[in-house]
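> With the sequence up front, the predicted model follows.
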Amino acid sequence: MLEIQNISKQFNSGKSNVTALNSINLKVETSEFLLIKGESGSGKSTLLFILGGMLQPSSGTIVVNDKDLCKLSEKERGSYRANEIGFVFQSYHLLPYLNVFENIMLPNTLTGAQINEADVFRIVEELGIKDRLYHKPSQLSAGEKQRVALARALIINPSLILADEPTGNLDEKNTIDVMNYLKAYQEKGGTVIMVTHGHLADTYATRTIRLDKGQLIT
Ligand SMILES: Nc1ncnc2c1ncn2[C@@H]1O[C@H](COP(=O)(O)OP(=O)(O)OP(=O)(O)O)[C@@H](O)[C@H]1O
């Protein structure tokens, strides 16, 4: 479903020049659960942002679902992000002034994605947050906030979920819950690419790759 070839990324700011990724090649099949590990600063988030079309590589190609991301216009990349990818971040990225229902409906508000309200009710039931629908993020626990973020990612029925340390702020019980939801999505045919430092994710993954100073070492 996804193939990247010779991806490199340099950040140039003033006199400093950082090579965040150096000639990465990677192929990910549909319904894989791929973990990306590596020391802090090894390039994990940069790789995830590039895969999500949020950052352009300095060189190389990325083909996702037969689309060459680097050849898409900004508008087409936006549409790729909106329709095909669910993002889950460590810090949830919920909008504080919207309630849970409105946060989950956000893809509809922002991109016009056709979201059925019945699907929102089904998904909050599945994720165990249905009695929190009209609460604001500040009224939720960390685990509940991450379930809302997960619901917002899943509601568009994405072919790929990109998750950057999604359990980094969670206790063990909530970590296991979030991992189980991601696993259920993968077992139904979705593809998960997840950056993590933790070991708990290991048993859920179908494959783990490791970055070291911008290079793939496994
Ligand atoms: N916008 C930027 N401008 C300059 N340098 C950047 C930028 N974003 C990332 N970097 C640098 O690129 C390298 C890789 O960063 P990245 O965030 O991808 O690492 P990471 O493996 O995700 O780290 P962590 O585990 O700490 O989140 C680091 O040296 C970082 O300082």
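Structure's in. What do you need? Numbering: from 1, shown residues only.
> any chance you could map the helices in the chain?
Secondary structure of the chain, counting by DSSP state H: helices at 44-51, 74-84, 100-104, 106-111, 117-126, 142-154, 172-187.
> what about the most centrally placed residue in the chain, distance to residue 117?
The chain has residue 162 as the residue nearest its centroid, 2.0 Å off, counting by CA atoms, centre = their mean. According to CB to CB, to the nearest Å, residue 162 and residue 117 sit 26 Å apart. (Each C-beta comes from the backbone N, C-alpha and C, glycine too.)
> So what's the model's average confidence on stretch 48-58?
Stretch 48-58 comes out with an average pLDDT of 92.
> still on that earlier bit, quickly note the distance from the residue nearest to the centre of the chain to residue 17.
Note on residue 162: its distance to residue 17, by CB to CB, is 27 Å.
> same question, residue 101
Residue 101 is 46 Å from residue 17, by CB to CB.
> Equivalent analysis for residue 138, please.
41 Å.
> For stretch 202-217, measure first residue to last.
End-to-end distance for stretch 202-217: 17 Å, by CA to CA, to the nearest Å.
> Centre of the chain to it, how far?
Centroid displacement of stretch 202-217 relative to its chain, using CA atoms, centre = their mean, to the nearest Å, is 16 Å.
> Mind listing what's buried along it?
204-205, 209, 211, 214, 216 (16 or more other CB atoms under 10 Å).
> And for stretch 47-66?
If you call a residue buried by 16+ other CB under 10 Å, then stretch 47-66 has these buried ones: 47-53, 55, 57, 60, 62-64.
> quick one: which of those is nearest to the ligand?
The nearest member of the buried residues of stretch 47-66 to the ligand, counting by CB to the nearest ligand atom, is residue 47 at 6.8 Å.
> Just give the closest residue to the closest one, not the sequence neighbours.
In space, residue 47 comes closest to residue 21 once its chain neighbours are excluded; the distance is 6.1 Å by CB to CB, 6 or more residues apart in numbering.
> Bridge partners for that neighbour, pull those for me.
Note on residue 21: beta-bridge partners by DSSP bridges are residue 9.
> which residues does it contact?
7-9, 43, 46-47, 50, 57, 211, 214 (CB atoms under 8 Å, 6 or more residues apart in numbering).
> Please tabulate these in a markdown table and include distance to the ligand as additional columns.
Below are the contacts of residue 21 laid out as a markdown table (distance: CB to the nearest ligand atom, whole Å):
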| residue | distance to the ligand |
| --- | --- |
| 7 | 12 |
| 8 | 12 |
| 9 | 8 |
| 43 | 4 |
| 46 | 3 |
| 47 | 7 |
| 50 | 9 |
| 57 | 12 |
| 211 | 6 |
| 214 | 7 |
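> Could you work out the most separated pair of those?
Across these, no pair lies farther apart than 57 and 211, at 14.5 Å, counting by CB to CB.
> Format the buried residues of stretch 47-66 as CSV; extra columns: distance to residue 191.
Below are the buried residues of stretch 47-66 laid out as CSV (distance: CB to CB, whole Å):
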residue, distance to residue 191
47, 15
48, 13
49, 17
50, 16
51, 11
52, 13
53, 15
55, 19
57, 20
60, 20
62, 14
63, 14
64, 10
